[in-house]
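**Q** Please work out how this folds:
(one chain, ligands or ions: 1)
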Amino acid sequence: MTALSVKTDSLDLIGNTPLVLLKGASEAAGCEIWGKCEFANPGASVKDRAALWIIRDAEERGELKPGGTVVEGTAGNTGIGLALVANAKGYKTIIVMPDNQSAEKMATLRALGAELVLVPPTKFADPNHFVHTSRRLAEETEGAIWANQFDNVANRRAHIESTAPEIWEQLGHKVSGFTCAAGTGGTIAGVALGLKAFDENIRIALTDPHGAALYNYYAHGELKAEGSSVAEGIGQGRITANLEGAPIDTQFRISDEEGLKWVAQLLREEGLALGLSSGINVAGAVALGRELGPDARVATILCDTGFRYLSTLYNAEWLRAKGLPVFDWLG
Ligand code: PMP
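**A** Numbering: from 1, shown residues only. Take a look at the predicted model:
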């Protein structure tokens, strides 16, 4: 039996998440599919890692000083991670978020003590886009840094230095493939770079939702978005600094219906309450596993907790209004 762990610093609770064998997905793929339990981080998402690395990097570069403020534009999870890390280190946080993200994320950010600024969801080219608004606010605020998760490569370093080596160790140095979706691209690029440094034959697949441009970019070299998705935190339209040079070998495009089918199955059959990006990732992992064959071992990311989406993914009225299938048990 492994010893129960003891920490002397709350920030050491970030990372070192368990890896769980996903039984239903493994059966569907005909090989082993493993999920990295990022919902087990203190902020209940994969973004705690990026938050910690970004804040430490700003401190090391001398930009973030005692009593300073961290400003960021985020779909929510990065803001939650930043607010927790900032609290632990005595910084303030200002979070700019599009107002179409889940109410749970907004309530959580307020509860953690972050100052929340809501903006309408607009295209990246719009100067009022949440990313540009957060950059301006950081420039206008005394003692503030802009976390800039999309183009600050401290984000992907978190995954090169922590997520990838953890997966490599947890799977006993036998990893056939890895896949996940991209928001900033920090997770896919960082894990891809980290795993390929251990074994360059590990096959890396990008799993893209509809409405994102990366599937077409990696398939045909053209940044072109088609369709749409209700998944929060994923779906990128450009090559961020974090995505630059990411060793992506192949790509899948997964519908919300397919992702939701996995969210439902993982909850009902394995007791895992997850968000839609996790469902989309598992669908991608099954597709990659089928390609790699029966001896393969594929890992993916279970990005965040489903409790963050009670008013959306787990709400029959919301699902119906979006034209999405309603989980049987919700009526
Ligand atoms: N899933 C969820 C729920 C997220 O919030 C994010 C972060 N935006 C991702 C996946 C994607 O992670 P990354 O930014 O590292 O690409």
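
**Q** C-alpha only now, for contacts and for neighbours.
**A** Noted.

**Q** ok, now which ones touch residue 168?
**A** 174, 175, 195, 198 (Cα atoms under 8 Å, 6 or more residues apart in numbering).

**Q** Quickly note the distance from the second one to the ligand.
**A** Right, the one you point to is residue 175. 20 Å (Cα to the nearest ligand atom, to the nearest Å).

**Q** can you give me the helices for the protein?
**A** Ranges of helices within the chain are 23-29, 47-60, 77-89, 103-111, 130-140, 154-158, 164-170, 186-198, 214-220, 256-270, 276-292, 316-321, based on DSSP state H.

**Q** Quick one: closest of the ones you listed to residue 7.
**A** Closest to residue 7 of the helices of the chain is helix 77-89 (Cα to Cα; 14.1 Å).

**Q** Any part of the closest one near the ligand?
**A** Yes - using Cα under 6 Å from any ligand atom, we find that helix 77-89 touches the ligand at residue 77.

**Q** Mind listing what's buried along that helix?
**A** 77, 78, 79, 80, 81, 82, 83, 84, 85, 86 (16 or more other Cα atoms under 10 Å).

**Q** Can you lay out the helices of the chain as CSV showing mean pLDDT?
**A** Converted to CSV, the helices of the chain look like this (pLDDT from 0 to 100):
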stretch, mean pLDDT
helix 23-29, 98
helix 47-60, 98
helix 77-89, 97
helix 103-111, 92
helix 130-140, 96
helix 154-158, 98
helix 164-170, 98
helix 186-198, 98
helix 214-220, 97
helix 256-270, 98
helix 276-292, 98
helix 316-321, 96
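
**Q** any chance of these in a markdown table, plus distance to residue 124?
**A** Shown next, in a markdown table, are the helices of the chain (distance: least, Cα to Cα, whole Å):
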| stretch | distance to residue 124 |
| --- | --- |
| helix 23-29 | 35 |
| helix 47-60 | 21 |
| helix 77-89 | 18 |
| helix 103-111 | 21 |
| helix 130-140 | 8 |
| helix 154-158 | 20 |
| helix 164-170 | 30 |
| helix 186-198 | 18 |
| helix 214-220 | 15 |
| helix 256-270 | 23 |
| helix 276-292 | 21 |
| helix 316-321 | 26 |
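
**Q** Would you mind naming what in the stretch 1-150 of the chain lies close to the ligand?
**A** Neighbours of the ligand within the stretch 1-150 of the chain, by Cα under 6 Å from any ligand atom: residue 77.

**Q** By proximity to the ligand, which residue of the stretch 1-150 of the chain wins?
**A** residue 77 (4.7 Å; Cα to the nearest ligand atom).

**Q** so residue 311 touches residue 103, yeah?
**A** Yes - using Cα atoms under 8 Å, residue 311 is in contact with residue 103, at 7.2 Å.

**Q** how does this structure divide up, domain by domain?
**A** 10-40+163-322, 46-146 (the TED database).

**Q** out of those, which comes closest to residue 153?
**A** So among the domains of the chain, domain 10-40+163-322 is nearest, using Cα to Cα, at 5.3 Å.

**Q** From the chain's centroid, how far away is the closest one?
**A** Relative to the centre of its chain, domain 10-40+163-322 is centred 8 Å away, using Cα atoms, centre = their mean, to the nearest Å.

**Q** Determine how far the last residue of that domain lies from the first.
**A** 39 Å (Cα to Cα, to the nearest Å).

**Q** now stretch 95-113
**A** 10 Å.

**Q** same thing with stretch 86-100?
**A** 25 Å.

**Q** Mind listing residues that contact that stretch?
**A** 10-11, 55, 66-76, 79, 82-83, 113-121, 130-131, 133-134.

**Q** rewinding a little: in space, what's closest to the residue of the stretch 1-150 of the chain closest to the ligand - neighbours in sequence excluded?
**A** Distances taken as Cα to Cα, 6 or more residues apart in numbering put residue 47 closest to residue 77, at 5.9 Å, once the chain neighbours are dropped.

**Q** quick one: the one you found from residue 54, how far?
**A** For residue 47, the distance to residue 54 - Cα to Cα - is 11 Å.

**Q** Tell me which of the two has more neighbours.
**A** Ranked by neighbour count (other Cα atoms under 10 Å), residue 47 and residue 54 place residue 47 first, with 28 against 25.
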